[in-house]
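Q: below are the sequence and a predicted model for it; my questions follow.
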Amino acid sequence: MAEPILEDIEGNKYSIPKKEKVTLGRGPGCDITMPTGILTEKSSDVQELAMTMNTSHATIHTLGGTYYIEDAKSRNGTMLRYDGQTAWRKLSSTERIPLINKTTLRLGAWEVTFIKQD
């Protein structure tokens, strides 16, 4: 089975490394970094977009083959929306929420979808 990926609204794909803890953010030390020049439906300004995402914004944890998302006490929060839902859910800084196929994450203004490939 292929490893899961994150895909942004421009179709860019980001492999999730095979490790227990994967960091996401705009900092160079993150496992998955927000690329420069990416725009979203919410933002047409790259600089504005970059400032909505923390250096270390969120963490994906792997436990027994299940993936979880956790906010890293980010300034603008981490939100998720399961496939088929219209409402966003903001994570508290103390919870880990399971990721299922086609869960969309909003890290600041950067949106990516968790895709579990078969």
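A: Sure, I can see it. Numbers count the residues shown, from 1 in each chain.

Q: let me see the ranges of the strands in the chain.
A: With strands called from DSSP state E, the chain shows them at 5-8, 13-15, 21-25, 32-33, 58-63, 66-71, 78-81, 89-90, 96-99, 103-107, 110-115.

Q: can I get the ones you listed in TSV with mean pLDDT and mean neighbour count?
A: Placement of C-beta: from N, CA and C, glycine included. Shown next, in TSV, are those (pLDDT from 0 to 100; neighbours: other C-beta atoms under 10 Å):
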stretch	mean pLDDT	mean neighbour count
strand 5-8	94	18
strand 13-15	94	13
strand 21-25	93	20
strand 32-33	90	18
strand 58-63	95	19
strand 66-71	95	18
strand 78-81	93	21
strand 89-90	94	12
strand 96-99	95	18
strand 103-107	92	22
strand 110-115	92	20
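
Q: list the residues that contact the residue nearest to the spatial centre of the chain.
A: Centroid-nearest residue in the chain, with C-alpha atoms, centre = their mean: L105, separated by 4.8 Å. L105 makes contacts with 6, 58, 69, 78-80, 111-114, as judged by C-beta atoms under 8 Å, 6 or more residues apart in numbering.

Q: out of the residues you listed, which is nearest to P98?
A: I69 (8.2 Å; C-beta to C-beta).

Q: ok, that closest one to I9 distance?
A: Distance of I69 to I9, computed by C-beta to C-beta, to the nearest Å: 18 Å.

Q: cool, E111 as well?
A: From E111 across to I9, the span is 6 Å (C-beta to C-beta).

Q: then T33?
A: Going from T33 to I9 by C-beta to C-beta gives 17 Å.

Q: so what's the gap between stretch 67-83 and the chain middle?
A: The gap between where stretch 67-83 is centred and where its chain is centred comes out at 7 Å by C-alpha atoms, centre = their mean, to the nearest Å.
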